[in-house]
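**Student:** Could you look at this predicted model? Sequence included:
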Amino acid sequence: MEKIRNFCIIAHIDHGKSTLADRLLDFTGSVTEREKQDQLLDNMDLERERGITIKSHAIQMEYVYEGETYILNLIDTPGHVDFSYEVSRSIAACEGALLVVDAAQSIQAQTISNLYLALENDLEIIPVLNKVDLPSANPEEVTDDIVDLLGCDPSEVIPASAKTGIGIGEILKAIIERIPAPKGNVNEPLQALVFDSVYNPFRGVETYFRVMNGEIRKGQKIKFVATGKAYEADEIGTLKLRQMPKNKISAGDVGYLITGIKDAREVKVGDTITDAANPTKNAIEGFEDVKPMVFAGIYPVDTEDFEELRSSMEKLQLNDASLVFTPESSAALGFGFRCGFLGMLHMEIVQERLEREFDMTVITTVPNVSYLAYTTKDKETPIVVNNPSDLPDPSSLDRVEEPYIKATIITKSDFVGNVMSLCIDKRGHITNQTYLTPERVELNFDMPLAEIVFDFYDRLKTVSKGYASFDYSPIGMRVSKLVRVDILLNAQPVDALSALVHFDNAHNIGKKMCEKLKELIPRQQFDIPIQAAIGAKIISRETIKALRKDVTAKCYGGDISRKRKLLEKQKKGKKRMRQVGNVEIPQQAFMAVLKLND
Ligand SMILES: Nc1nc2c(ncn2[C@@H]2O[C@H](COP(=O)(O)OP(=O)(O)OP(=O)(O)O)[C@@H](O)[C@H]2O)c(=O)[nH]1
């Protein structure tokens, strides 16, 4: 165990995490030249075909230092804020972290948020100043920034280039000398932390774990503490470029487990694996069920495809444990599902996979966050509102609470004004402002999650000309004045177009919604009034004027095949349209509320 080092790499996006990992693998000879050319690529093709993530989640290197062979386990952390809980679990499996900072860009929002996670887990931090080869690098200044942030000595910061290989030997030396060896007792009952899992269509769920105490043996009867389920460890092993089956993995080490589990939901990141017969008394602390943050309806374009959609969603859930869904029905769209996602990125991935892997064309409705509503009858028991139609009638409503987040934004001082007005526009309250250097400012805001899940990040990039980085973490529920804005087309309410918005913005949003829908809904053979309403009160109105579009008008003469082609083309264009009453609504219209500022 003294010869094992478990570490992760934390960095802001694009600061060179993956490139550094590759360089470490090269330097330790974990990939031979041939493997680099042949097997690595083969492996990747295969993985691509099977639809498994190409990146490895943990990789083991061997490195000889001062005559002793060390085992270095590099544990990968997911990069996107949607998956921050998973980052915290990966971090919990390590004793140390390389904090990679780009020598041209210095410290950014995710550098800080990931650093805090690492410090909470008592990790030894090794600061790496990457990209020193860049002409635009500012090594002295950025080193000062790092020293200020960590309170370390400037000599502890390792200048490196993941591209040219500068400093890689120094980094390996620091990993061995500065990161403590894992602690743990081989003689105690098995206690292993699940930090990741992937779904492999041929072998079932592969679970990645770090043994904290005891050991896990091939064939052992094991149990997952949170789910309470027991399995046989069919195969265990360590992860090099490919899986290396082993007979046993002991305290301190990292490995994979295959048990024939076919449903990803049975393996939860953060859970503890233990021996079924002699279970540990101390499950690893801090287990959390991942909670979806964003909800939206998914409906088949063709109502007849509902059952097919259900079976596709069930299959998708087998390998995406964080996807949740329940059937719902909409007067406008018929039967579909209300789905919960970790964030907007996750929602896009799910929609994309339904189309690509299952050939389903779906309509997604306006996403919203999850609210809690209390009625005057019962002011204590909340009603969970994941769908605008679940909001109780305003007359019976006592109060509504919405989720808030703490946002961390780092930007240049020139853009502080712009960023502040954006955040205030998004109902944010500034809580802190710190000058990291005379040019760089860290701003903290408390903001409603609902305001940032949609277009916030894009607008932040615009107002800061790209010089702002952003991260957030949830801070609980707060009371808010919410109303539901309904949309009526041809005097018929279209429930799938309803949105929950803050009262102060409701009139403005209602007006913009009507204008946007007028743009997006194609003209039809009759006038279509569009109205926005809060309860029975109409707050805005537009009209789409009638038009008859005859696509075959151009086809004079008798060429029937050409005419058919045009009609076919027109049918395709309609694919993502839904007939609601006698109005055809294209997919974009259902998302119109998100694009009001375009
Ligand atoms: N010049 C120079 N470029 C580098 C260096 N390290 C990484 N890069 C480049 O920086 C870009 C981002 O590097 P990645 O390794 O993909 O960064 P990452 O942090 O893994 O990014 P994500 O995976 O998107 O989070 C790539 O274009 C790299 O080629 C370096 O030391 N010097």
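**Tutor:** Everything's here; your move. Fair warning: this is a prediction, and the values are worked out from it, not measured in the lab.
**Student:** Please report how far G336 lies from the ligand.
**Tutor:** Remark: distance between G336 and the ligand (C-beta to the nearest ligand atom, to the nearest Å) = 34 Å. All C-beta atoms are positioned from the backbone trio N, CA, C, and that covers glycine.
**Student:** Confirm that that residue sits in a strand.
**Tutor:** Yes: G336 sits within a strand when classified using DSSP: H, G, I helix; E, B strand; the rest coil.
**Student:** quick one: secondary structure of the residue lying closest to it once chain neighbours are set aside?
**Tutor:** Excluding the flanking residues, the one nearest G336 by C-beta to C-beta, 6 or more residues apart in numbering is Y299, at 3.3 Å. With three-state DSSP as the basis, Y299 sits in strand.
**Student:** so Y299 makes contact with A332?
**Tutor:** No: in terms of C-beta atoms under 8 Å, Y299 does not count as a neighbour of A332; the distance is 9.0 Å.
**Student:** which neighbours do the two share?
**Tutor:** Common neighbours of Y299 and A332 are listed as 496, 578 (criterion: C-beta atoms under 8 Å, 6 or more residues apart in numbering).
**Student:** Now for the residue nearest to G336: which residues touch it?
**Tutor:** Contacts of Y299 (C-beta under 8 Å, 6+ apart): 309, 330, 333-337, 362-365, 496, 578.
**Student:** quick one: it from L489, how far?
**Tutor:** Between Y299 and L489 the computed distance is 17 Å (C-beta to C-beta, to the nearest Å).
**Student:** With I71 instead?
**Tutor:** I71 is 64 Å from L489, by C-beta to C-beta.
**Student:** and those two? which has more neighbours close in?
**Tutor:** Higher neighbour count among I71 and L489: L489, with 22 against 17, using other C-beta atoms under 10 Å.
**Student:** Go ahead and confirm P139 touches V132.
**Tutor:** Yes: with contact defined as C-beta under 8 Å, P139 reaches V132; the gap is 5.5 Å.
**Student:** what do the two both touch?
**Tutor:** With C-beta under 8 Å, 6+ apart as the test, P139 and V132 both reach 103, 159.
**Student:** Identify the bridge partners of C339.
**Tutor:** In this entry, C339 is beta-bridged to A296, F325, by DSSP bridges.
**Student:** what's the neighbour count on it?
**Tutor:** C339, neighbours per other C-beta under 10 Å, totals 26.
**Student:** Mind giving me the packing neighbours of the helix or strand containing V205?
**Tutor:** Taking DSSP states H and E as the definition, V205 sits inside strand 204-213. Helices and strands touching strand 204-213, by 3 or more C-beta pairs under 8 Å, 6 or more residues apart in numbering; DSSP states H and E, are strand 191-200, strand 254-258.
**Student:** want to throw those into JSON lines with mean pLDDT?
**Tutor:** Shown next, in JSON lines, are the helices and strands packed on strand 204-213 (pLDDT from 0 to 100):
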{"stretch": "strand 191-200", "mean pLDDT": "87"}
{"stretch": "strand 254-258", "mean pLDDT": "94"}
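**Student:** Which one of these lies nearest to the ligand?
**Tutor:** strand 191-200 (16.0 Å; C-beta to the nearest ligand atom).
**Student:** Buried residues, the closest one. List them.
**Tutor:** 191-199 (16 or more other C-beta atoms under 10 Å).
**Student:** Partner strands of that strand and their direction?
**Tutor:** strand 204-213 (antiparallel), strand 272-275 (antiparallel).
**Student:** tell me the average confidence for the first one?
**Tutor:** Just to be clear, that refers to strand 204-213. Across strand 204-213, pLDDT averages out at 92.
**Student:** isn't S370 right next to F295, touching?
**Tutor:** Yes: counting by C-beta under 8 Å, S370 touches F295, with 6.1 Å between them.
**Student:** who's more crowded, the two?
**Tutor:** With neighbours defined as other C-beta under 10 Å, S370 and F295 compare such that F295 has more, 25 against 19.
**Student:** which residue packs closest to that one, ignoring adjacent ones?
**Tutor:** In space, F295 is closest to N386, 4.3 Å off (C-beta to C-beta, 6+ apart).
**Student:** That neighbour: neighbour count?
**Tutor:** By other C-beta under 10 Å, neighbour count at N386 equals 21.
**Student:** same question, K406
**Tutor:** The burial count for K406: 17, using other C-beta under 10 Å.
**Student:** does it really touch L449, like I thought?
**Tutor:** No: between K406 and L449 there is no contact under C-beta under 8 Å: 10.5 Å.
**Student:** what sits in contact with each of these two?
**Tutor:** 472, 474.
**Student:** my read is T69 is in a strand, agree?
**Tutor:** Yes: judged by three-state DSSP, T69 forms part of a strand.
**Student:** Can you name the residues of this structure sitting close to the ligand?
**Tutor:** Residues of the chain lying near the ligand by C-beta under 6 Å from any ligand atom: 11, 13-19, 79, 130-131, 133-134, 161-163.
**Student:** What residues sit buried inside the longest strand that the chain contains?
**Tutor:** Counting residues, the longest strand in the chain under DSSP state E turns out to be strand 397-412. By neighbour count on 16+ other C-beta under 10 Å, the buried set for strand 397-412 is 397, 400-411.
**Student:** Could you tell me which strands sit next to that strand in the sheet, and their orientation?
**Tutor:** Sheet pairing of strand 397-412 (DSSP bridges) gives strand 371-375 (antiparallel), strand 440-448 (antiparallel), strand 468-480 (antiparallel).
**Student:** In CSV, could you pull the C-alpha coordinates for stretch 498-510?
**Tutor:** The C-alpha trace of stretch 498-510 is given here as CSV (Å, rounded to 0.1, in the frame of the first residue of the first chain):
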residue,chain,number,x,y,z
SER,A,498,-47.3,27.1,-20.6
ALA,A,499,-44.4,28.4,-18.6
LEU,A,500,-43.8,29.2,-15.0
VAL,A,501,-42.2,32.6,-14.6
HIS,A,502,-41.6,35.2,-11.9
PHE,A,503,-44.6,37.6,-11.5
ASP,A,504,-42.4,40.7,-12.2
ASN,A,505,-41.4,39.4,-15.6
ALA,A,506,-44.7,37.8,-16.6
HIS,A,507,-46.1,40.6,-18.7
ASN,A,508,-42.9,41.1,-20.6
ILE,A,509,-42.4,37.4,-21.2
GLY,A,510,-46.1,37.0,-22.3
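**Student:** which helices and strands does the helix or strand A118 falls within pack with?
**Tutor:** In the assignment (DSSP H and E), A118 maps to helix 109-120. Secondary-structure packing of helix 109-120 (3+ C-beta pairs under 8 Å, 6+ apart): strand 4-11, helix 84-92, strand 96-102, strand 124-130, helix 139-150, strand 397-412, strand 468-480.
**Student:** same thing but at 10 Å, please
**Tutor:** strand 4-11, helix 84-92, strand 96-102, strand 124-130, helix 139-150, strand 397-412, strand 440-448, strand 468-480 (3 or more C-beta pairs under 10 Å, 6 or more residues apart in numbering; DSSP states H and E).
**Student:** Quick one: residues contacting K183.
**Tutor:** K183 is in contact with 1, 95, 212-213, 251-252, counting by C-beta atoms under 10 Å, 6 or more residues apart in numbering.
**Student:** does it sit in a helix, a strand or a coil?
**Tutor:** Classified using three-state DSSP, K183 is coil.
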